[in-house]
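Colleague: 3D, please:
(chains A and B)
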Amino acid sequence: MTTIARPRGRPRGPWSRLPKQLRTDVVGYLFLLPWILSILIFTLYPTLASFYFSLTKYNVIQPPRFIGFTNYVTMFTRDPRLLTSVYNSLYYTVLSVPLGMLSSLALAVLLNAQVRGIGIFRTIYYLPSLVPPVAGTLLWMLIMDPRQGLLNTVLRFLGLPAPGWFADANWSKPALLIMSMWGIGSATLIFLASLKEVPHELIEASLIDGASAWRRFWRITMPMISPVVLFNLVMSFLGSFQVFTAAFVAGSGGSDLSGGASGTAGGPLQSMLMYMVYLYAQAFRYFQMGYASAMAVVLFIVIMLLTLAIFRSSGRWVYYEGGMR
Amino acid sequence: MSAQSATVKPAARSLHWRRFVRRTLPGAISYTLLTLVGIAFFVPFLWLVITSLKPMSQVFTYPLTWVPHPIMWSNYPDALTHPGFPFLRLLGNSLQYSVLSTIGVTVASAMAAYAFARIPFRGRSILFAATLATMMIPGVVTMVPTYLIFKWLGWIGSYKPLIIPSFGGGAFYIFMLRQFMMTLPWDLSDAARVDGASEAHILLRIMLPLMKPALLVVVLFNFMGCWNDFMGPVIYLNNTDLFPLSLGLFAFLGRSERKWNLLMAAAMVITVPMVTIFFLAQRQFIEGITMTGLKG
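Modeller: Have a look, this model is predicted:
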């Protein structure tokens, strides 16, 4: 062994005299240098700094001035627009998460049962997820044109009411919801892949035992795919809370970017002023960096608590094959 | 058998009926549902294509116009030469952003993933745990201080804030590549190590060729992510000369005098590359999407 391990034709300099573990360490950290720098500069420092800035008044021009919890107090007592944005984001999240989860799971179950032509259906369901968000939003603004759009023309033809969608404060959030439903293709593909992983022996055993399809789904399929349900649930929560592009573009009503506050106007009666859009406006339109940081910290804490709650509860409904990982 | 022959007919009928209920009916119902939902998903996409080929007078009509007459192919050159949509400049900016960021993120992520998968340095498990932890931190909480770093560096109004961070790698890509490397055989790299090959040599000459499918997923995802990115450019780019296609299309909405046929033609132009990439690399692409869920 010892004779083979000697490097061929390489001079034995000071480097090779170092202990082997030390050399391994140096090489390992050299490979990781860019990533470690990235964690420090673009994750660790900004996360900590957000907490600090949230306790200051900081307009970028003057240095940050410490003001304690004033930003947080202002948020919940003196800023009606903030409360509007919280309401809008909650409304959107509470509806889009369960709707998206149920529909993508149902679609995946259907796709899994039906073998012939699965490729075509899979492509059709995924196609909308490939449309760039700005292009997709413009398309839906056209389709949901209140007077002569495709959707309202069809609704009127069917004798149904034709709402104003993005032009109507009561219908702009449902319009965003419909748009988000158009993009459930990738969640569907993830569910479909997990359904394909459910072992055949379990399904066959239950068929022999004469279990109904309904019972089979809840007793075998659901436990087997529950880790993926957990994953999709967390991702969908994160996505909904942080929805930006669609609300920004549709909420701008098409005013020019050079118009200053365009996009952050939030549509009719600020009905599409989502939390992220308002945060963006505070930070990058009004340059209230302290206030924006306080908003970011609140959202961060809410997201963390929710994720934690989902994970804590997952012990009861998520099944990991071969015990907890 | 003969004793049962009298009841054979109704039994057979009920057998047919049962087979219909158990096999054919669910199939038919699920096909119908799949088709109806499929239509609902496909018609908006079709409307994008159709509208991009209509004369403006046929965009809003009653009854609906499904086949434009004449088919206005000229909408495409009209949209791409419209002063409100400076296509070549937008395309150049988008390509610069997507290509440079993708090169950076792929190289850095592959290096980090290799270290996590194959180099037994001390502190490896802690750093890997930290890598996973960064995935849990939502982008919103780092947004403001990151902007202030770039403001301090004087990089606002350039692509540097969008591209440079990619050269550190991406947590999710590192995780994915590392999981992939763990499935690769050790024999080849062990043999090379015994022969005195350096770690860099092993990564470049032995691991990279084996990792092509996983690297392709990283390249595709990151390229598409940059191409579609809206929030990053809207935060960091204030000069319209620097806009990428996504922001250019949004600006076009305000400058097109609501010419929806030209807007949809422009939307098609930025959509088609994404759809093309998907069809060219469909297998890797779907594997990548499903990998995100299954291994996560």
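
Colleague: and the residue of chain A found nearest chain B, what element?
Modeller: Residue nearest to chain B within chain A: residue A:38 (2.4 Å; CB to the nearest CB). C-beta coordinates here come from the backbone N, C-alpha and C atoms, glycine included. According to DSSP states H and E, residue A:38 maps onto helix A:20-39.

Colleague: contacts for that helix next, please.
Modeller: A:15-16, A:18, B:108-109, B:111-112, B:114-116, B:119-124, B:127, B:130-131, B:134, B:165, B:167-169, B:174, B:199, B:203 (CB atoms under 8 Å, 6 or more residues apart in numbering or on different chains).

Colleague: and the next helix or strand after that helix, what does it pack onto?
Modeller: For helix A:20-39, the following helix or strand on the C-terminal side (DSSP H and E) is helix A:45-53. Using 3 or more CB pairs under 8 Å, 6 or more residues apart in numbering or on different chains; DSSP states H and E as the contact criterion, the secondary-structure elements in contact with helix A:45-53 are helix A:289-317, helix B:140-153.

Colleague: tell me the angle of helix A:45-53 relative to helix B:140-153?
Modeller: Between the axes of helix A:45-53 and helix B:140-153, defined by axes from the mean of the first three to the mean of the last three CA atoms, to 10 degrees, the angle is 90 degrees.

Colleague: just checking, next helix/strand downstream of helix A:45-53?
Modeller: From helix A:45-53, the next helix or strand downstream (DSSP H and E) is strand A:56-57.

Colleague: tell me which strands the helix or strand following that following strand pairs with, and in which orientation.
Modeller: Secondary structure here is assigned by DSSP H and E; on that basis, the next helix or strand after strand A:56-57 toward the C-terminus is strand A:65-66. When sheet partners are counted by DSSP bridges, strand A:65-66 sits next to strand A:56-57 (antiparallel).

Colleague: hang on, isn't residue A:202 packed against residue A:219?
Modeller: No - with contact defined as CB atoms under 8 Å, residue A:202 and residue A:219 do not form a contacting pair (9.6 Å).

Colleague: show me the common contact partners of these two, please.
Modeller: Overlap of the contact sets of residue A:202 and residue A:219 (by CB under 8 Å, 6+ apart) is empty.

Colleague: quick revisit: buried ones in the helix holding residue A:38, by neighbour count?
Modeller: Using 16 or more other CB atoms under 10 Å in any protein chain shown as the burial criterion, the residues of helix A:20-39 that qualify are A:24-25, A:27-29, A:31-32, A:34-36, A:38-39.

Colleague: go on, stretch A:296-309?
Modeller: Residues of stretch A:296-309 classed as buried under the neighbour-count rule (16+ other CB under 10 Å) are A:296-300, A:302-303, A:307.

Colleague: ok, stretch A:232-248 next?
Modeller: Burial within stretch A:232-248, assessed by neighbour count using 16+ other CB under 10 Å, is assigned to A:232-248.

Colleague: could you measure from residue A:193 over to residue B:98?
Modeller: The span separating residue A:193 from residue B:98 equals 27 Å under the rule CB to CB, to the nearest Å.

Colleague: please apply the same query to residue A:301.
Modeller: Taken as CB to CB, the span from residue A:301 to residue B:98 is 34 Å.

Colleague: likewise for residue A:218?
Modeller: As for residue A:218, its distance to residue B:98 is 44 Å (criterion: CB to CB).

Colleague: which of these two has more neighbours?
Modeller: For residue A:218 against residue B:98, the residue with the higher neighbour count under other CB atoms under 10 Å in any protein chain shown is residue B:98, and the figures read 23 against 12.

Colleague: care to break chain A down by domain?
Modeller: The record's domain parsing of chain A by automatic domain parsing lists A:16-71, A:79-317.

Colleague: could the ones you listed be laid out in TSV, adding mean pLDDT?
Modeller: As requested, the domains of chain A are exported to TSV (pLDDT from 0 to 100):
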stretch	mean pLDDT
domain A:16-71	94
domain A:79-317	88
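
Colleague: so which of those domains is the most surrounded?
Modeller: Compared across the domains of chain A, domain A:79-317 shows the largest average neighbour count, a mean of 19 (mean count of other CB atoms under 10 Å in any protein chain shown).

Colleague: just how off-centre is that domain within its chain?
Modeller: The gap between where domain A:79-317 is centred and where its chain is centred comes out at 8 Å by CA atoms, centre = their mean, to the nearest Å.

Colleague: okay, the most centrally placed residue in chain A and residue A:266: tell me how far apart.
Modeller: Against the mean C-alpha coordinate of chain A, by CA atoms, centre = their mean, the closest residue is residue A:239 at 2.0 Å. Between residue A:239 and residue A:266 the computed distance is 19 Å (CB to CB).

Colleague: what do you get for residue A:38?
Modeller: Distance, residue A:38 to residue A:266, by CB to CB: 34 Å.

Colleague: for residue B:78, same thing?
Modeller: Taking CB to CB as the criterion, residue B:78 is separated from residue A:266 by 32 Å.

Colleague: so which helix or strand takes in the nearest residue to residue B:244 once chain neighbours are set aside?
Modeller: On the basis of CB to CB, 6 or more residues apart in numbering or on different chains, the spatially nearest residue to residue B:244 that is not a chain neighbour turns out to be residue B:94, at 4.1 Å. Assigned by DSSP H and E, residue B:94 falls within helix B:87-118.

Colleague: would you mind checking the average pLDDT for that helix?
Modeller: Predicted confidence along helix B:87-118 averages 96 (mean pLDDT).

Colleague: buried residues in the next helix or strand after that helix?
Modeller: Downstream of helix B:87-118, the first helix or strand assigned by DSSP H and E is helix B:124-136. Judged by neighbour count (16+ other CB under 10 Å), helix B:124-136 contains these buried residues: B:124, B:127-128, B:130-131, B:134.
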